[in-house]
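> Structure for this input, please:
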Amino acid sequence: MSQNIICVIFVRAGSKTIKNKNIQLLDNFSLLEHSIFMAKKFFANSNIYISTNSKKMIAIAIKHKINYIVRPNSLCGDNSKEWNSWKHAVKFLKKKNINFKKILSLPTTSPMRKATDIKKAISLSNTNCDAVISVTNSTRSPYWNMTKIDKSGYHSVVIQDKKNYKNYIRRQNTPKTYDMTTVVYIAKKEYIENSDRLMNGKIKAVLIPSERAIDIDTNFDLKMARYLFNGK
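The predicted model follows:
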């Protein structure tokens with residue numbers, strides 16, 4: 001794999017919905033280890049890092065002979081923007097005089113990813129774009145059957161497109177939408193440094209089938225991942 005890409009797995013301690021989420025086991029290995037195993041299919045150990053505030057996760061990194069970035073607790077809170085952790089990683093790597101052009105992230109919450117998903121994302125990142133995300137087809141449309149609630153308790157559709165409202169008589173008539181997944185992210189170094197958020201620039205996406213797009217955020221998600229992983 002190109003030396004121009006550094007893989008960084010962003011993990012932290014203190015998950016509220018699932019205690020110790022990143023080190024929960026799936027088929028005898030932690031979610032973090034599954035991301036590490038996938039990373040090793042593409043990168044040398046020297047080009048794989050975890051960014052964390054957790055001693056337990058640093059120990060896992062050392063066990064698998066990869067690098068780690070000690071992330072300050074100020075970037076690891078429930079309300080912390082992960083994009084700021086990307087910026088922190090770029091600064092760390094530059095101080096180490098490591099030459100790279102892009103960062104690729106493999107979040108621990110998508111253990112159903114396949115190597116082909118990563119290959120497609122890397123290939124797409126070589127085209128005219130600032131970053132590559134992974135998406136899956138939305139099961140509901142914000143133009144049709146997703147609602148928001150106002151201060152008075154009344155519901156309305158999320159997107160109020162009055163110009164085209166008459167055309168949206170059924171879901172099939174609404175614009176195609178996608179759900180972002182945590183299968184893979186890639187962003188150019190300069191874009192990370194100069195942008196305030198991931199979605200500010202020219203973004204392209206890899207389409208992931210729904211069965212591989214699970215994003216573990218709740219205990220139910222974790223149970224589903226274990227069920228799917230064991231049956232795959």
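> quick one: contacts for the spatially most central residue of the chain?
Nearest to the geometric centre of the chain sits Thr182, at 3.1 Å (C-alpha atoms, centre = their mean). By C-beta atoms under 8 Å, 6 or more residues apart in numbering, the contact set of Thr182 is Pro107, Thr109, Ser110, Ser134, Asp215. (C-beta placed from N, C-alpha, C; glycine too.)
> Now, of these, which are buried?
Pro107, Thr109, Ser110, Ser134, Asp215 (16 or more other C-beta atoms under 10 Å).
> pLDDT of the helix or strand hosting Lys56, averaged?
Taking DSSP states H and E as the definition, one finds Lys56 inside helix 55-63. Averaged across helix 55-63, pLDDT comes to 97.
> and if you look at stretch 73-85?
In the prediction, stretch 73-85 has an average pLDDT of 91.
> What is the burial count for Leu124?
17 (other C-beta atoms under 10 Å).
> helices or strands up against the helix or strand encompassing it?
Counting by DSSP H and E, the element that carries Leu124 is helix 115-125. Contacts defined by 3 or more C-beta pairs under 8 Å, 6 or more residues apart in numbering; DSSP states H and E place helix 115-125 against strand 102-105, strand 131-137, strand 178-188, strand 203-207.
> Which among the ones you listed is found nearest to Lys163?
strand 178-188 (22.1 Å; C-beta to C-beta).
> still on that earlier bit, among the buried ones among the contacts of Thr182, which two are most distant?
Thr109 and Ser134 (11.8 Å).
> still on that earlier bit, for the helix holding Leu124, buried residues please.
Those would be Asp117, Ile118, Lys120, Ala121, Ile122, Leu124, Ser125, for helix 115-125 by 16+ other C-beta under 10 Å.
> Closest one to Gly201 out of the residues you listed, please.
Nearest to Gly201 among these, with distances taken as C-beta to C-beta, is Ser125, at 12.5 Å.
> Can you report how many residues neighbour the closest residue to Met38 other than its chain neighbours?
Nearest non-adjacent residue to Met38, counting by C-beta to C-beta, 6 or more residues apart in numbering: Leu106, 5.7 Å away. A count of nearby residues for Leu106, using other C-beta under 10 Å, gives 28.
> so who does Leu106 touch?
Counted by C-beta under 8 Å, 6+ apart, Leu106 has contacts Cys7, Ile9, Ser35, Met38, Ala39, Arg113, Ile118, Val184.
> Double-check that the third one belongs to a helix.
Going back to what we said before, that points to Ser35. Yes: under DSSP: H, G, I helix; E, B strand; the rest coil, Ser35 falls within a helix.
> With Thr127 as the reference, measure out to it.
25 Å (C-beta to C-beta, to the nearest Å).
> neighbour count winner among those two?
Neighbour count, other C-beta under 10 Å: between Ser35 and Thr127, Ser35 has more, with 25 against 9.
> Pretty sure Pro107 is one of the things that one touches, is it not?
Yes: assessed by C-beta atoms under 8 Å, Ser35 is found in contact with Pro107 at 7.0 Å.
> Now do the shared contacts for these two.
Ile9.
> picking up where we left off before, tell me the average confidence for the next helix or strand after the helix holding Lys56?
Sequence-wise, the next helix or strand downstream of helix 55-63 (DSSP H and E) is strand 67-70. Across strand 67-70, pLDDT averages out at 98.
> what do you get for stretch 218-232?
Rounded mean pLDDT across stretch 218-232 is 88.
> next one: it to chain centre, how far?
Relative to its chain's centre, stretch 218-232 lies at 18 Å (C-alpha atoms, centre = their mean, to the nearest Å).
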